[in-house]
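*Asks:* Based on what follows, work out the 3D shape:
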Amino acid sequence: MDTLQNMRVFVRVVEAGSFTAAGQHLNATTAQMSRSISDLEAHLRARLLNRTTRQIALTEAGERYLHRCEQILAYVEQAEAEAGDAQAKPAGNLKAHAMTGLGQCYIVPIISRDQARYPDVRVELTLAQRTPDLLDEGFDVSLTMATKLPDSGLISQRLGSAFSIAFASPAYLGRNGTPLVPSDLSRHNCLQMVTSVFPADEWTFDGPNGQESIALGNAALRINVAEALAVAVCEGMGVGLLPAYSAAGGLRSGKVVRILPEYTSQQMNVYALYPSRQYLDAKIRTWVDFLREELPAALAKDQTRLGTITHNHDLSVCGFE
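*Replies:* All right, here's what the predicted structure looks like:
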């Protein structure tokens, strides 16, 4: 039995004053109207209407039940309107995730511009080096980096790509010399990132001679947060290999310089992941659309500029301006 529909029939019968008039409004027969009321009374084990061949009248129980039905149906209509509005108007809480460096340099400024366009959206941004389980952890969108995504039921949008660069402090290079080709790194202290994205004990470079892989010895420092490793490089502890945006602050200040300028490493795609394309909430749809407008151009611009820059100390923290 469809209790909610039978409640609608009950309210309509009372408002119309007869089964026939209610049936005309609901495009149903008089017999169907009568059966709905009988089913409802059997379910409640209470008589709601006294009826004769000419008129109907509410019982005392029917009067109480009518009031509750009107309240419940009003709540249902309100809930349906709110749910439908979520498909049309961006509003509410957007729970987003991004890789730490990517989030700091690109996503926070994009959020600022997105909220200027959609002021009713409130963003809760979590920065982490891992890709969360969107369904279990309740995220609406995750921005992650990978060479290739694993199979999953998630929807993905590729938003561009980013590469890593090798860099070191002038003080470190003054003590140990400047590597000119990747094989020179075997004589240097290479500080290592330890994440699912960066393979342990090996760096792979793309350069003039194609792809070259360098086996690394025991590193003096292994760390899982790019920004912390960038600090270690600034302190002169060794050579680092990080996404370019993570090194940007040190490049700007002159605390570090790029080495092996003809080489890049760890070319990775940037993806937006979200649970479903069907009936997508407007706040999620507009956020992904805005990312597609903004992020690819920002990533491409920075890669182009880094491709021609070696020891330029006049770079902004994240925009390389």
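*Asks:* and Q24, how far is that from S18?
*Replies:* Look at Q24 and S18: by Cβ to Cβ, to the nearest Å, they are 9 Å apart. C-betas here are computed from N, CA, C, even on glycine.
*Asks:* Break this structure into its domains for me.
*Replies:* 3-88, 92-160+270-300, 163-266 (automatic domain parsing).
*Asks:* as a whole number, average confidence for the second one?
*Replies:* The reference is to domain 92-160+270-300. The pLDDT scores in domain 92-160+270-300 average 86.
*Asks:* swap in the longest one?
*Replies:* Rounded to a whole number, the mean pLDDT of domain 163-266 is 85.
*Asks:* and it, how far apart are its ends?
*Replies:* Start-to-end span of domain 163-266 (Cα to Cα, to the nearest Å) is 5 Å.
*Asks:* what's the answer for the second one, then?
*Replies:* Using Cα to Cα, the end-to-end distance of domain 92-160+270-300 comes to 31 Å.
*Asks:* Report how many residues lie close to E60.
*Replies:* 10 (other Cβ atoms under 10 Å).
*Asks:* meant to ask about R130, not that
*Replies:* 14.
*Asks:* so where do the strands sit in this protein?
*Replies:* For the chain, the strands defined by DSSP state E cover 49-51, 56-58, 92-98, 121-127, 141-146, 155-168, 192-193, 202-207, 210-215, 222-223, 240-243, 257-259, 264-274.
*Asks:* so of those, which one's packed in deepest?
*Replies:* When these are scored by mean count of other Cβ atoms under 10 Å, the highest mean neighbour count falls to strand 240-243 (a mean of 26).
*Asks:* That strand pairs with which strands?
*Replies:* Counting by DSSP bridges, the strands paired with strand 240-243 are strand 155-168 (antiparallel).
*Asks:* So what angle separates the directions of the strand it pairs with and strand 264-274?
*Replies:* 150 degrees (axes from the mean of the first three to the mean of the last three Cα atoms, to 10 degrees).
*Asks:* what angle sits between strand 155-168 and strand 141-146?
*Replies:* Using the same axes, to 10 degrees: strand 155-168 against strand 141-146 is 50 degrees.
*Asks:* what about strand 155-168, distance to the chain center?
*Replies:* Centroid displacement of strand 155-168 relative to its chain, using Cα atoms, centre = their mean, to the nearest Å, is 17 Å.
*Asks:* Let me see the contact set for the spatially most central residue of the chain.
*Replies:* Closest residue to the average C-alpha location of the chain: V141 at 1.6 Å, with Cα atoms, centre = their mean. The contact partners of V141, taken as Cβ atoms under 8 Å, 6 or more residues apart in numbering, are L94, A96, H97, A272, L273, Y274, I284, W287, V288.
*Asks:* how far away is the third one from D133?
*Replies:* H97 sits at a distance of 10 Å from D133 (criterion: Cβ to Cβ).
*Asks:* again, but for the last one
*Replies:* In this view, V288 and D133 are 19 Å apart by Cβ to Cβ.
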